[in-house]
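>>> Here you go, sequence then predicted model.
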Amino acid sequence: MEETILNPLTDVEVRILGALLEKEVTTPEYYPLSLNALLSACNQTTNREPVMRLDEDTATHAIISLRRGGLLHQIQPVGSRVTKFQHLLAEELKLDERRLAVLGVLMLRGPQTPGELHARTARLASFDDLADLEGVIESLIAREPEPLVARLSRRPGQKEVRYTHLLSGEPPQADAAASADEPPLPIRRADRRADGEDDRIEALERTAEALRAEVAALRAELDAFRAQFQ
């Protein structure tokens, strides 16, 4: 079956899809996401590069575009007044969870080295070692009819090549001749701290979403009670 060819996505569309992909794995009990939860995920200050400050109107405009492109689905669970959203990347791009993990981290954090990707995808999928992850990266580069990932040329003083997603079109510094056989850089302490901070933020997000659901249920009960006297 021929793979889907995508039109270039905006940075906001990429952020929305990346956030949905991440939360599907890390907080499955709250997935699909409500608009409020999606905005919170998009606007996180940890594990995001760059940090964004999306508002409801901006997100809604991007959601409509993604729905028209077949990359996002909108649902309203039975008995709920809250509309929720889920990505369709696996179906549209024919990708398994390991390829989705690599693509998702690139979508949320920008160009990265193999070592950085190996550390940051651990929460989303399992890789035996760095070589295993590099094999997945190569499959995304070799995807037909168009690749989803590209190598970037090394920056001055940098030992490793970096990789970037191509969902927004060709990067300005893509270099197919760059080698991917360099040894990985050590995982920085800052990355470990950021991952721990993100876990705490996710716990707060889960609590906030549960509270919103409780408030919505109470409002529904109050409306039903009032209707008895009208």
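Arrived safely. Being a predicted model, the structure only gives us computed values, none of them experimental. Residues are numbered from 1 along each chain as shown.
>>> Would you point out the helix or strand in the protein whose mean pLDDT is lowest?
helix 189-227 (a mean of 61; mean pLDDT, DSSP states H and E).
>>> what sits against residue 86?
Residues near residue 86 by C-beta atoms under 8 Å, 6 or more residues apart in numbering: 20, 24, 31, 32, 33, 72, 73, 75. Where you see a C-beta, it was placed from the backbone N, CA and C, and this is true even at glycine.
>>> give me that answer again for 6 Å
Neighbour list for residue 86: 32, 73 [criterion: C-beta atoms under 6 Å, 6 or more residues apart in numbering].
>>> Just grab the bridge partners of it for me.
residue 73 (DSSP bridges).
>>> isn't there a helix covering residue 164?
No - counting by DSSP: H, G, I helix; E, B strand; the rest coil, residue 164 falls outside a helix, being strand.
>>> I'd say it and residue 151 touch.
No - using C-beta atoms under 6 Å, residue 164 is not in contact with residue 151, being 8.2 Å away.
>>> neighbour-wise, which of these two wins?
residue 151 (22 against 19; other C-beta atoms under 10 Å).
>>> all helices of this structure, in order?
Secondary structure of the chain (DSSP state H): helices at 11-26, 35-42, 56-68, 89-93, 97-109, 114-120, 130-141, 189-227.
>>> what does the domain assignment say about the protein?
8-94, 95-193 (automatic domain parsing).
>>> mean pLDDT for those: which is lowest?
Comparing mean pLDDT across the domains of the chain, the weakest is domain 95-193, with a mean of 83.
>>> From the chain's centroid, how far away is stretch 33-42?
Averaging C-alpha positions (C-alpha atoms, centre = their mean, to the nearest Å) puts stretch 33-42 12 Å from its chain's average.
>>> cool, and stretch 65-81?
Counting by C-alpha atoms, centre = their mean, stretch 65-81 comes out at 17 Å from the chain centroid.
>>> Would you mind measuring the gap between the ends of it?
End-to-end distance for stretch 65-81: 23 Å, by C-alpha to C-alpha, to the nearest Å.
>>> Go ahead and name everything in contact with that stretch.
Outside stretch 65-81, the residues touching it (C-beta under 6 Å, 6+ apart) are 13, 83, 84, 85, 86, 87, 88, 92.
>>> Can you flag the buried ones in the residues you listed?
Neighbour counting with 16 or more other C-beta atoms under 10 Å marks 13, 84, 85, 86, 87, 88 as buried within these.
>>> buried ones in stretch 99-119?
Buried-residue list, stretch 99-119, by 16+ other C-beta under 10 Å: 99-109, 111-119.
>>> before we move on, what about stretch 22-42?
Those would be 22-24, 26-27, 30-35, 37-42, for stretch 22-42 by 16+ other C-beta under 10 Å.
>>> Please identify which of the buried ones among the contacts of stretch 65-81 is nearest to residue 169.
Relative to residue 169, the closest of the buried ones among the contacts of stretch 65-81 is residue 13; by C-beta to C-beta it sits at 12.1 Å.
>>> tell me the contacts of the closest one?
Contacts of residue 13 by C-beta under 6 Å, 6+ apart are 62, 66.
>>> please redo it, this time with the cut-off set to 10 Å
Neighbour list for residue 13: 59, 61, 62, 63, 65, 66, 69, 71, 72, 107, 167, 168 [criterion: C-beta atoms under 10 Å, 6 or more residues apart in numbering].
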